[in-house]
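>>> Here's a sequence, model it:
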Amino acid sequence: MIKEIKMRTEKELEGVTLLGNQGTVYSDNYAPGVLETFDNKHEENEYVVRFDCPEFTTLCPKTGQPDFGHIYINYIPRKKMVESKSLKLYLFSFRNHGDFHEDCVNIIMKDLRNLMDPRYIEVEGRFMPRGGISIHPFANWGDDQHKELEKERRLQAFSTK
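Have a look, this model is predicted:
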């Protein structure tokens, strides 16, 4: 039997403060505290949430030169889900953060994992070439029931172009 799904109540949206807020502040320094969550109303279903973030910017930690990348985030939620506007503000906060591409991807994956405790999460960065080299780091994590998926996806990352 399919249960009736009702609109979210104000109580269910108490932790979502950025969405619809006209006074949004855009931090240009790493700000994981801006991330917000909401409850997954479909926890009994195992499904994938995908984010495609084509305008990620950060700085090279050595030269201070800007780096531009495309960040892909996929996760299988458990109880909590990341609110998309807070994710946008979080990713924007890397603008003046000096770190290597590999570090940024791992930081994003770990911050989201700590925030939501998903069943599975992966973050891929596809950075624009600098000095004739593109870097595409991939980081993932799965709970005990998703270790095989974690390994399979990591192996697939070696063969993607």
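
>>> Name the helix or strand for the residue most central in space within the chain, please.
Computing the C-alpha centroid of the chain and ranking residues by C-alpha atoms, centre = their mean puts Ile73 first, at 4.9 Å. Ile73 is part of strand 66-76 when elements are defined by DSSP states H and E.

>>> buried sites along that strand?
67, 69, 71-76 (16 or more other C-beta atoms under 10 Å). C-beta here means a position set from N, CA and C on the backbone, and glycine is covered the same way.

>>> Give me the residues contacting it.
46-60, 87, 91, 101, 104-105, 108, 112, 116, 118-128, 130, 146 (C-beta atoms under 8 Å, 6 or more residues apart in numbering).

>>> What about these, which are in strands?
Among these, the members found in strands (DSSP state E) are 49-59, 120-127.

>>> Show me the helices in the protein, by range?
84-92, 101-116, 147-159 (DSSP state H).

>>> TSV for those, including mean neighbour count, distance to Trp141 and mean pLDDT?
Below are those laid out as TSV (neighbours: other C-beta atoms under 10 Å; distance: least, C-beta to C-beta, whole Å; pLDDT from 0 to 100):
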stretch	mean neighbour count	distance to Trp141	mean pLDDT
helix 84-92	19	17	96
helix 101-116	19	6	98
helix 147-159	12	6	92
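
>>> Next, give me the two most distant ones among the buried residues of strand 66-76.
Asp67 and Ile76 (28.9 Å; C-beta to C-beta).

>>> ok so, going back, and the helices of the chain as a markdown table, adding distance to Tyr30?
Converted to a markdown table, these look like this (distance: least, C-beta to C-beta, whole Å):
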| stretch | distance to Tyr30 |
| --- | --- |
| helix 84-92 | 9 |
| helix 101-116 | 8 |
| helix 147-159 | 25 |
